[in-house]
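K.L.:
sequence and predicted structure are below.
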Amino acid sequence: DAKTTQPTSMDCAEGRAANLPCNHSTISGNEYVYWYRQIHSQGPQYIIHGLKNNETNEMASLIITEDRKSSTLILPHATLRDTAVYYCFSGYSTLTFGKGTMLLVSP
Amino acid sequence: DAGVIQSPRHEVTEMGQEVTLRCKPISGHNSLFWYRQTMMRGLELLIYFNNNVPIDDSGMPEDRFSAKMPNASFSTLKIQPSEPRDSAVYFCASGQPQHFGDGTRLSIL
């Protein structure tokens, strides 16, 4: 599994879009990009994943650069309940959890 | 729609005792993963199964840890004998993408 790097923390105002970046410069051709989040004391929650194309679901959008070396998770209208640690991975079958980005959504 | 079910939610026991953690994956999922999370080391993959067969157990810390998956709907992670440094939250996940249970918070005194 490729190594990923993310900022340690980010702040976002409630109602605004939260854009969380991730670098995965060593990603290989068949590895997907996954995003999870973990709210304190809960299990990690799957958000979205993609291979090449941008993806959108009810939770978020995922933008993957054309060279696939980086991606951005977009929460279009962040709420206080989106405060969590967000993890980005690139992998095929197993996930290697890094330290993630602590997103704090404030009123 | 039931998610991944783990039991117990909390376990407190004395060092040297055997600990057994249980996991029921989501029905139809062919893969199952065991993770351990601590403040110091973050979330670590211990072992994963595909179609009930262990595929990669390189994350299992030492011989005191063992995991089994006797059928598609049940898996156990056993620690014998337990030590204080085993204290952590243990998560089970199933499927691709992985769906996690709520974890077992284990404290070894």
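P.N.:
Received it, and whenever you're ready, just let me know what you need.
K.L.:
only C-alpha atoms from now on, for both contacts and neighbour counts.
P.N.:
Will do.
K.L.:
ok, now how distant is the one residue sitting closest to the centre of chain B from B:Ala2?
P.N.:
Chain B has B:Trp34 as the residue nearest its centroid, 3.9 Å off, counting by C-alpha atoms, centre = their mean. Between B:Trp34 and B:Ala2 the computed distance is 18 Å (C-alpha to C-alpha, to the nearest Å).
K.L.:
burial count for the residue of chain A found nearest chain B?
P.N.:
When distances are taken as C-alpha to the nearest C-alpha, chain A reaches nearest to chain B at A:Gly43, 4.8 Å away. Here the neighbour count serves as a burial measure; for A:Gly43 (other C-alpha atoms under 10 Å in any protein chain shown) it reads 22.
K.L.:
likewise for A:Pro107?
P.N.:
When neighbours are counted by other C-alpha under 10 Å, A:Pro107 registers 9.
K.L.:
who does the helix or strand of chain A with the lowest mean pLDDT touch, helix- and strand-wise?
P.N.:
Evaluated with mean pLDDT, DSSP states H and E, the helix-and-strand set of chain A has its lowest mean pLDDT in strand A:84-91, which scores a mean of 89. For strand A:84-91, the packing partners by 3 or more C-alpha pairs under 8 Å, 6 or more residues apart in numbering or on different chains; DSSP states H and E come out as strand A:32-38, strand A:101-106.
K.L.:
which of these comes out lowest on mean pLDDT?
P.N.:
When those are compared by mean pLDDT, strand A:32-38 comes last with a mean of 93.
K.L.:
what's the angle from the very next helix or strand once past that strand to strand A:84-91?
P.N.:
Past strand A:32-38, heading to the C-terminal end, the next element that is a helix or strand (DSSP states H and E) is strand A:45-50. Strand A:45-50 runs at 40 degrees relative to strand A:84-91, counting by axes from the mean of the first three to the mean of the last three C-alpha atoms, to 10 degrees.
K.L.:
what distance separates the helix or strand hosting A:Thr72 from the centre of its chain?
P.N.:
Secondary structure assigned from DSSP H and E places A:Thr72 in strand A:70-75. Mean C-alpha position of strand A:70-75 versus that of the full chain (C-alpha atoms, centre = their mean, to the nearest Å) differs by 6 Å.
K.L.:
nearest to B:Ser107, out of the helices and strands packed on strand A:84-91?
P.N.:
Ranking those by their distance to B:Ser107 (criterion: C-alpha to C-alpha) puts strand A:32-38 first, at 20.9 Å.
K.L.:
where in chain B is pLDDT low?
P.N.:
Judged against pLDDT under 70, the low-scoring parts of chain B cover residues B:1.
K.L.:
find the closest residue to chain A in chain B.
P.N.:
Sorted by distance to chain A under C-alpha to the nearest C-alpha, the residues of chain B start with B:Asp102, at 4.8 Å.
K.L.:
now that residue. Its backbone dihedrals?
P.N.:
phi -80, psi -10 (degrees, to the nearest 10).
K.L.:
now do the contacts for the nearest residue to it once chain neighbours are set aside.
P.N.:
With C-alpha to C-alpha, 6 or more residues apart in numbering or on different chains as the criterion, B:Asp102 has its nearest non-adjacent residue at 4.8 Å, and that residue is A:Gly43. Residues in contact with A:Gly43 (C-alpha atoms under 8 Å, 6 or more residues apart in numbering or on different chains) are B:Phe91, B:Phe100, B:Gly101, B:Asp102, B:Gly103.
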